[in-house]
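A.B. asks: Predicted model follows, preceded by the sequence.
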Amino acid sequence: MTETPNPVAFTPERLAKVKEIIARYPEGRQKSALLPVLHVAQEQWGWVSSEVMDHVAELLSIEPVEVYEVATFYTMYHLDAVGKHVIEYCRTGPCCLMGGEEIYDYLKQKLGIQAGQTTPDGLFTLKEVECLAACGWGPVFQIREKFYMNLTRERVDEIIEELSK
Amino acid sequence: MAKKILTEHINVPGIETFEVYRKQGGYTAVEKAIKTMTPEEVVEEAKKSGIRGRGGAGFPMGMKWGFLAKPEGVPRYLVCNADESEPGTFKDHHLMKCIPHLLIEGMIVSSFALGANKSFIYVRGELMYVIRILEKAIEEAKANGFLGKNILGSGYDLELVVQPGGGAYICGEETALLESLEGKRGNPRNKPPFPAVKGLYQSPTVVNNVESISNMPWVINNGGDAYAAIGIGRSTGTKLISASGHIQKPGVYEIELGVSVDEFLNSDEYCGGIRKGHHLKALVAGGSSVPILPAHLITKTAAGEDRLMSYESLSDGGFATGTMLGSGGFIVFDETACIVRNTWNFSRFYHHESCGQCSPCREGTGWMEKVLHRIEHGHGSMHDIDLLVDVAKKIEGNTICPLGDAAAWPVASAIRHFRDEFEWHITNPHEASQPGAVFMGAVLA
C-alpha cells in the first residue's frame, strides 16, 4: 500500500500534467481542473488522503473544503488506502442477468474478502460499483483503466492468477 | 441491410486513426461547413434533420440549438455529454472507443454552428481509456489543421477539452454535468435559467449527447432533408441500440428508426432472438429508468398493432401499456429473471446515485430500496406493495431533476405489470427468498 508522504508532492511529470490541465480552462476558472487533478493524484498515490486534498486545493487556489466536498461526492476517489489492484465490480441489473451475482460471490470467496476490504497481502481491494456502461459484455469488472468482460469462474481464476504474479 | 449513418465504417481496420478515417471520407463535413456554409445554415440543417436528443430525453436538437442566447462579447460553449451511465446503455462507450474521430468531427461542425471557440467532452471517469483515445484523436485532428487556431484558414478557432467525471450517474443530467465541469458536486441546478441562457460559467451553453453530435457530419454532407427521410414520422434517422440480457447476440446495433421490435429482437441481423431454450418474459426498452413491459406488450401494442422501435410507437399506450425509447438501452429478460429482484437492484442503483438535494428523491429512493429488499428477502407484507406505489407517486414530479422520475418509473411499472409476482414473494416468503427463485405463474398463464 502507498502511504502519502509528508509533505505531499507530485512527481515532476505529474506536476507538469497538473499545470497543463489547469491551463485548459478560461482565466479564473481553474477550479474546473479539480476532478481531473484528483484523478492524477490518485494515479500517483492510489488514493486521496486529506493531505493530498489540501495540496490540490493549494495548487488550484481554492479552499480545502471545496476539494473535500467533491472528493467525497464522487465514488471513483478512494478515501482510504487501497491494495495494489482495486477491483471495481459492477453489481447493476444487466450484469446480474448474465450471472453477475454468482461470479461476484465466487470472486469474494476466492479473495476471502468482502466489498470495501483489502486482502492481507495488500494485493487486492474489492469495491462494488454501479453500471460501467458495458452491459452487453457482462459480467464486468474494472481494474484501473482496464475492463474485464464476459467474466466466468475460469476467467476470474486466470485474472487473479495473472495479477498475483 | 438497413441504413447505417454512424457505424458504416466502424469495422474498417485502423478507423480510430486520422489517416484511415480521412480516407473513408472523414472531415469532409468540416470542410463543407467551414468553407461553404454560415453557422446559421448549419443550425438550419440540424433543424431540418429532425434529429432528437439521443441521450434519452428525445428533445429536438436543432430546436435546442435555436434557443442558444447570443449576447455580444460573451463566450458560448458546446458541451458533449459522454457521461453514459444509464443501466443498459453502452452505445456511446462503443462509438467513442471504435471511431473517435466521428465525435471529434461532429464537435467541430456543431461548435462552428453555435459559435463556440472552446468545447468540452465530459466523459464518465471510468472510461479513462476512452478519454485517452479521444485525446489522441484530438491531437491528430489538430496536427492536420482541423482544430486549433484558424481552422482551414477560415479564421475560426476551436479548442476541444476532454473532461473526466468522477463516477456519478447524476452528472448525466445536463445542469449537474455543468456543475461537475466547474469542479463542484454534481447537484442539478434549478431551471430556469436554462443552460441555453446561463450554462457553463454562467454563459450560454448547449449540452448534447455523443450520438446526437456524431450524426452531424452525415447531416452536413447529405443535408438535413436526407436525414429526415430516414426513419418514421417524427422519429427521424437511425438510433444506436445497446442490447443486453438474455439474447443470443448482445451488443450495439444501429437501427433505422421504425424497424419493428419483433425484427430487432428476433432477426439474425440484430439480437438473434432469446437465448436457446428460453422465452421472453419482459423488456426494458430504453434504459433502466423507463417502464418495464411484460411479454404481451412488447412486440404488439395494447391495440394489437406492431410495436416499432420509434419514440412514438414505444410510448403508445402511455405508461399504462407503453414505455419509452429513452437512451436505447434494450434489456431483455427471459423466464429465469426475477422481476422483484431486478426492481430491487434498480432501486438500489437510484438510491446510490441520488445526489441528495431534494427530499422526495433522497428519502424516497432509500425507502423504496428498503421495502423492495424486504419483499425480495421474504419479509414483506401486502401493504408494502401499495406503499411502494405511494412512495413512487410522491417522488415523481417533485424533484429538481428527472432522477426522481427515473427512480419511480421502474418500481411503479413493475408493480403495474407484475403485481402477482410481488404478491407471490409475500405469500411464499420461504420459497421466494431462495437464491435464483423465480415466480413461474406468469409463464404458465
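C.D. replies: Alright, I've got the coordinates.

A.B. asks: Would you map out the domains in chain B?
C.D. replies: In terms of domains, chain B is parsed into B:18-229, B:238-334, B:339-444 (source: automatic domain parsing).

A.B. asks: Against B:Tyr227, how distant is the residue nearest to B:His278 when sequence neighbours are not counted?
C.D. replies: Setting aside the residues directly before and after it, B:His278 is nearest to B:Asp334 in space (C-beta to C-beta, 6 or more residues apart in numbering or on different chains), at 4.0 Å. In this view, the C-beta of every residue, glycine as well, is placed from N, C-alpha and C. Plainly put, B:Asp334 is 36 Å away from B:Tyr227 if you go by C-beta to C-beta, to the nearest Å.

A.B. asks: These two: which has the busier surroundings?
C.D. replies: Each of B:Asp334 and B:Tyr227 has its neighbours counted (other C-beta atoms under 10 Å in any protein chain shown); B:Tyr227 has more, 24 against 19.

A.B. asks: before we move on, which element is that one in?
C.D. replies: Secondary structure assigned from DSSP states H and E places B:Tyr227 in helix B:224-228.

A.B. asks: what residues does whichever helix or strand comes after that helix touch?
C.D. replies: Of the helices and strands lying after helix B:224-228 in sequence (DSSP H and E), the nearest is strand B:231-232. The contact list for strand B:231-232, computed with C-beta atoms under 8 Å, 6 or more residues apart in numbering or on different chains, reads B:237-238, B:256-258, B:308, B:310.

A.B. asks: can you redo those residues as JSON lines with neighbour count?
C.D. replies: Below are the contacts of strand B:231-232 laid out as JSON lines (neighbours: other C-beta atoms under 10 Å in any protein chain shown):
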{"residue": "B:Gly237", "neighbour count": "26"}
{"residue": "B:Thr238", "neighbour count": "26"}
{"residue": "B:Glu256", "neighbour count": "20"}
{"residue": "B:Leu257", "neighbour count": "22"}
{"residue": "B:Gly258", "neighbour count": "19"}
{"residue": "B:Leu308", "neighbour count": "24"}
{"residue": "B:Ser310", "neighbour count": "24"}
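
A.B. asks: Point out the ones among these that are inside strands.
C.D. replies: Judged by DSSP state E, the subset of these located in strands is B:238, B:256.

A.B. asks: and A:Phe73, what does it touch?
C.D. replies: So A:Phe73 contacts B:166, B:168, B:185-186, B:355 (C-beta under 8 Å, 6+ apart).

A.B. asks: and what of A:Tyr89?
C.D. replies: Contacts of A:Tyr89 by C-beta under 8 Å, 6+ apart are A:104, A:107, A:115, A:126-129, A:141.

A.B. asks: mind running it again at 10 Å?
C.D. replies: The contact partners of A:Tyr89, taken as C-beta atoms under 10 Å, 6 or more residues apart in numbering or on different chains, are A:95, A:100, A:103-104, A:107-108, A:115, A:126-129, A:132, A:139-142, A:148, A:151.

A.B. asks: Ok, B:Gly58 next?
C.D. replies: Applying C-beta under 10 Å, 6+ apart, we find B:Gly58 in contact with B:51-52, B:234-235, B:286, B:311, B:315, B:324-327.

A.B. asks: Kindly supply the PyMOL command isolating those of those that are buried.
C.D. replies: Buried residues within the contacts of B:Gly58, by 16 or more other C-beta atoms under 10 Å in any protein chain shown, are selected in PyMOL with:
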select buried, chain B and resi 51+52+235+286+311+315+324+325+326+327
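
A.B. asks: any idea which of the contacts of B:Gly58 is closest to chain A?
C.D. replies: Ranked by distance to chain A (C-beta to the nearest C-beta), these are led by B:Ser327 at 10.5 Å.

A.B. asks: Report the contact partners of the closest one.
C.D. replies: For B:Ser327, the contacting residues are B:53-58, B:84-92, B:172, B:209, B:211, B:239-242, B:285-290, by C-beta under 10 Å, 6+ apart.

A.B. asks: Would you map the strands across the chain?
C.D. replies: By default, I'm working from chain A. If DSSP E is used as the criterion, the strands of chain A fall at A:85-90, A:124-129, A:141-143, A:146-148.

A.B. asks: let's do chain B instead
C.D. replies: B:77-82, B:118-123, B:159-164, B:205-209, B:231-232, B:235-236, B:238-245, B:251-256, B:280-284, B:293-294, B:329-334.

A.B. asks: got the ones you listed as JSON lines, with mean pLDDT and distance to B:Arg132 columns?
C.D. replies: Compiled in JSON lines, the strands of chain B are given as follows (pLDDT from 0 to 100; distance: least, C-beta to C-beta, whole Å):
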{"stretch": "strand B:77-82", "mean pLDDT": "98", "distance to B:Arg132": "14"}
{"stretch": "strand B:118-123", "mean pLDDT": "98", "distance to B:Arg132": "10"}
{"stretch": "strand B:159-164", "mean pLDDT": "98", "distance to B:Arg132": "9"}
{"stretch": "strand B:205-209", "mean pLDDT": "98", "distance to B:Arg132": "21"}
{"stretch": "strand B:231-232", "mean pLDDT": "96", "distance to B:Arg132": "34"}
{"stretch": "strand B:235-236", "mean pLDDT": "97", "distance to B:Arg132": "34"}
{"stretch": "strand B:238-245", "mean pLDDT": "98", "distance to B:Arg132": "22"}
{"stretch": "strand B:251-256", "mean pLDDT": "98", "distance to B:Arg132": "21"}
{"stretch": "strand B:280-284", "mean pLDDT": "97", "distance to B:Arg132": "32"}
{"stretch": "strand B:293-294", "mean pLDDT": "98", "distance to B:Arg132": "39"}
{"stretch": "strand B:329-334", "mean pLDDT": "98", "distance to B:Arg132": "25"}
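
A.B. asks: From B:Tyr201, how far off is the residue located most distally from the centre of chain A?
C.D. replies: Most distant from the centre of chain A: A:Glu27, at 29.8 Å, with distances by C-alpha atoms, centre = their mean. Between A:Glu27 and B:Tyr201 the computed distance is 11 Å (C-beta to C-beta).

A.B. asks: go on, B:Gly273?
C.D. replies: 50 Å.

A.B. asks: Tell me the pLDDT of whichever residue of the stretch 51-200 of chain B sits closest to chain A.
C.D. replies: Nearest residue of the stretch 51-200 of chain B to chain A: B:Gly166, at 2.7 Å (C-beta to the nearest C-beta). B:Gly166 carries a pLDDT value of 97.

A.B. asks: For the closest residue to it other than its chain neighbours, give me its contacts.
C.D. replies: The shortest distance from B:Gly166 to any non-neighbouring residue, by C-beta to C-beta, 6+ apart, is to A:Tyr74 (2.7 Å). Taking C-beta under 10 Å, 6+ apart as the criterion, A:Tyr74 is in contact with A:34-35, A:38-39, B:125, B:165-168, B:171, B:180, B:185-186.

A.B. asks: give me that answer again for 8 Å
C.D. replies: A:Tyr74 makes contacts with A:35, B:125, B:165-168, B:186, as judged by C-beta under 8 Å, 6+ apart.

A.B. asks: Among these, which lie within helices?
C.D. replies: A:Leu35 (DSSP state H).

A.B. asks: Can I get the contacts of A:Tyr74 in CSV including distance to B:Leu6 and neighbour count?
C.D. replies: CSV is the format used below for the contacts of A:Tyr74 (distance: C-beta to C-beta, whole Å; neighbours: other C-beta atoms under 10 Å in any protein chain shown):
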residue, distance to B:Leu6, neighbour count
A:Leu35, 28, 29
B:Gly125, 24, 25
B:Gly165, 23, 28
B:Gly166, 28, 24
B:Gly167, 27, 21
B:Ala168, 27, 26
B:Gly186, 28, 28
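
A.B. asks: Run a quick neighbour tally on the nearest residue to A:Ile159 once chain neighbours are set aside.
C.D. replies: Counting by C-beta to C-beta, 6+ apart, A:Tyr148 is the residue found nearest to A:Ile159 once chain neighbours are left out, at 5.8 Å. Counted with other C-beta under 10 Å, the neighbours of A:Tyr148 add up to 18.

A.B. asks: so A:Tyr148 sits right up against A:Gly138, yeah?
C.D. replies: No - counting by C-beta atoms under 8 Å, A:Gly138 is not a contact partner of A:Tyr148; they are 10.8 Å apart.

A.B. asks: Sweet, I'm off.
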